[in-house]
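Enquirer: Quick one, fold the following:
(one chain, ligands or ions: 1)
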Amino acid sequence: MRLQRGAGRASRASKGGSTMGMERSGRTRLARTAAAVVLFASGLGLGLSRAALGSRTGVGATGTVTTTTAGGIAKPCREMHLYAEVIKQGSIPETRLGFGLTPDTATIPGPLIVLNEGECMRIQLTNDIPGRLLKKERAFYGQTDLPLGVSIHPHGVKYQQDSDGTAMTNSITPPGTSRVYTWYASANTAGYWWYHDHNVGTDHGTGGLAAGMWGGLIVRRAGDPVPDVPTFVVAFGDNATIDLQHFPDTPVFTAVQGQRVEFLVFAWGNDFHTFHLHAHSWADNRTGIFDPNDPNVRTLDAVPVTPSFSFGFQVIAGDVSGPGDWMYHCHVQAHSDAGMWSIFRVLPPGSPESEVGTSTARELGLMGVTPA
Ligand SMILES: [Cu+2]
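Expert: Numbering: from 1, shown residues only. Sure thing, here's the model as predicted:
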C-alpha cells in the first residue's frame, strides 16, 4: 500500500493542510495528512538555543545587543519530522527507499514540503533503514570506506554546514539515530525545488536517488496564489520513469475545469528529459502565471529537464481547451514510448470534488488498463 496513490480521492483535507504550510502531494491517505497537521501543532521551536539556530550575537553601535538569525530569518523555526525507511527490499537496483512523515508511511516521492519566504524549518530526520542494507548499497557502488547513513539535502533554500547532508561535512544520520536539519527560506529563495538523500550508495547519494529518496520542496513568496488542488509532483528519472514507474503506474492528476492547479517537476539521475503538457501553457517566469505588466514574457508548453533541474507552474485546468484526458509526458521519444507518460484529467464543471487529486491509470482503470 505504500506505493499506491489512490489517496488522491481522499486528499481534500490537504487543502486545510496547506494553511499550515505543509501541502500534501495528494498521494497519501487522509490519516497521514492529519498526522502532518499534528506535527506542526506540536512544536514551534521556541526552546531552541541560539546556537542551534545558528544565530550570531554582537554589540551594535549604540551598545545594545543585536541578534541576526542565520539565513536572515528572525523568528523561531517551524518543526517537522521525517523518517527514512525501506519501502521494498530487493536486489539493489530494485530496492525502494523513501521518506515519510510518520513511521511506516514513506512514499515515493516523499512528502511535499512548503515554506514561505521568511520562514525556517527544523526537520528531525530519523534513519530507520538498517545498517546492513546501507552497507549493501555501499558495496553495490564500490564505496565501502565511507560512513553509513542517510541525509536530506535541499535545493533552493539556505542552510549551514551542519545541515548540508553530506559525509564531507559530517552531517549525515547513521542508522538508528536522528538528526536535525535546518532550512532557511531566506529572501529570493521562492521557487519550485526538491530535496534528496546525499549519502546512500556513494557520497553523492547515487544509491539513495536511484531508490526513491527524494521529494518536492516549494518556497512561496507573499502574495503567491495557492492552488485549489494539492500540488502535482512529477519526478523524472532514469530508465524512462516518472516517480520510478512506467505507465499505467505513473501518476494521473485530476482536477475540475476552472480549478487552479500547480505542477512541480524535477529530475534525479543521469538522463535528460523534456516535460510537456498537452492543451495547457504557462509563462516563462517563477510561477508560470501570466502578468499583464509583462506582455513580452515567453509562453511555454515544454521545458527541458536536466538532472537536478526543477521548475513548476500554475495553470487553470482546461482554461481554453476544456475537459478531457490530457497527456503529460517526457518528450524524449524513446522515453515516452517506454512508458514515461501519464494523464492530466480535467473533469467538466460540477464534477464531484471527491474525484480530484492524484491516482494512477491502473487504479482508475483508464485506457483499457485493468483496475488495481
Ligand atoms: Cu525522458
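Enquirer: which parts of stretch 143-163 are buried?
Expert: Within stretch 143-163, the residues that qualify as buried are 143, 148-159, 163, counting by 16 or more other CB atoms under 10 Å. C-beta here means a position set from N, CA and C on the backbone, and glycine is covered the same way.
Enquirer: Ignore what I typed, I meant stretch 80-90.
Expert: Per 16+ other CB under 10 Å, stretch 80-90 contains these buried residues: 80-87.
Enquirer: could you dump those to a markdown table with distance to residue 176, secondary structure and pLDDT?
Expert: Shown next, in a markdown table, are those (distance: CB to CB, whole Å; DSSP: H, G, I helix; E, B strand; the rest coil; pLDDT from 0 to 100):
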| residue | distance to residue 176 | secondary structure | pLDDT |
| --- | --- | --- | --- |
| 80 | 20 | strand | 98 |
| 81 | 15 | strand | 98 |
| 82 | 15 | strand | 98 |
| 83 | 12 | strand | 98 |
| 84 | 11 | strand | 98 |
| 85 | 13 | strand | 98 |
| 86 | 13 | strand | 98 |
| 87 | 18 | strand | 98 |
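Enquirer: wait, residue 369 sits on residue 248?
Expert: Yes - here residue 369 lies in contact with residue 248, judged by CB atoms under 8 Å, at a distance of 4.2 Å.
Enquirer: Give me the common contacts of those two.
Expert: Common contacts of residue 369 and residue 248, defined by CB atoms under 8 Å, 6 or more residues apart in numbering, comprise 361-362.
Enquirer: Between these two, which is the more surrounded one?
Expert: More neighbours surround residue 248 than the other of residue 369 and residue 248, with 23 against 15 (other CB atoms under 10 Å).
Enquirer: pLDDT score for residue 75?
Expert: pLDDT, residue 75: 77.
Enquirer: quick one: what helix or strand has it in it?
Expert: Using DSSP states H and E, residue 75 falls within no helix or strand.
Enquirer: cool, the one 4 residues further on as well?
Expert: Assigned by DSSP H and E, residue 79 falls within strand 78-88.
Enquirer: strands paired with that strand, and their directions?
Expert: With DSSP bridges as the criterion, the sheet partners recorded for strand 78-88 are strand 96-100 (antiparallel), strand 120-127 (parallel).
Enquirer: can you dump the C-alpha coordinates of the longest one into CSV?
Expert: Below are the C-alpha coordinates for strand 120-127, written out as CSV (Å, rounded to 0.1, in the frame of the first residue of the first chain):
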residue,chain,number,x,y,z
CYS,A,120,12.8,28.4,8.5
MET,A,121,12.1,24.7,9.2
ARG,A,122,13.8,22.3,11.6
ILE,A,123,13.5,18.8,10.2
GLN,A,124,14.2,16.0,12.5
LEU,A,125,15.3,13.1,10.3
THR,A,126,15.1,9.6,11.8
ASN,A,127,17.0,6.9,10.0
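Enquirer: Pull the residues that contact it.
Expert: For strand 120-127, the external contacting residues (CB under 8 Å, 6+ apart) are 45, 48, 53, 69, 71, 73, 75, 77-84, 103, 113, 115, 149-152, 173-185.
Enquirer: Format the buried residues of stretch 80-90 as a markdown table; extra columns: distance to residue 347.
Expert: Formatted as a markdown table, these follow (distance: CB to CB, whole Å):
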| residue | distance to residue 347 |
| --- | --- |
| 80 | 33 |
| 81 | 35 |
| 82 | 33 |
| 83 | 35 |
| 84 | 36 |
| 85 | 34 |
| 86 | 37 |
| 87 | 31 |
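Enquirer: nearest to the ion, of those residues?
Expert: Ranked by distance to the ion (CB to the ion), the buried residues of stretch 80-90 are led by residue 87 at 23.2 Å.
Enquirer: wait, isn't the closest one in contact with residue 108?
Expert: Yes - applying CB under 8 Å as the test, residue 87 and residue 108 come out as touching, 6.7 Å apart.
Enquirer: Low-confidence stretches in the stretch 51-200 of the chain?
Expert: Counting by pLDDT under 70, the ranges of the stretch 51-200 of the chain that qualify are 51-69.
Enquirer: all strands for it, in order.
Expert: 56-59, 65-68, 78-88, 96-100, 110-116, 120-127, 153-154, 178-184, 191-196 (DSSP state E, counting those that start in this stretch).
Enquirer: Pipe those strands into TSV and attach distance to the ion per row.
Expert: Listed next are the strands of the stretch 51-200 of the chain as TSV, based on distance: least, CB to the ion, whole Å:
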stretch	distance to the ion
strand 56-59	45
strand 65-68	44
strand 78-88	23
strand 96-100	20
strand 110-116	21
strand 120-127	30
strand 153-154	23
strand 178-184	29
strand 191-196	17
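Enquirer: Run a quick neighbour tally on the nearest residue in space to residue 371 that is not next to it in sequence.
Expert: Nearest non-adjacent residue to residue 371, counting by CB to CB, 6 or more residues apart in numbering: residue 365, 3.7 Å away. Neighbours of residue 365 under the rule other CB under 10 Å: 12.
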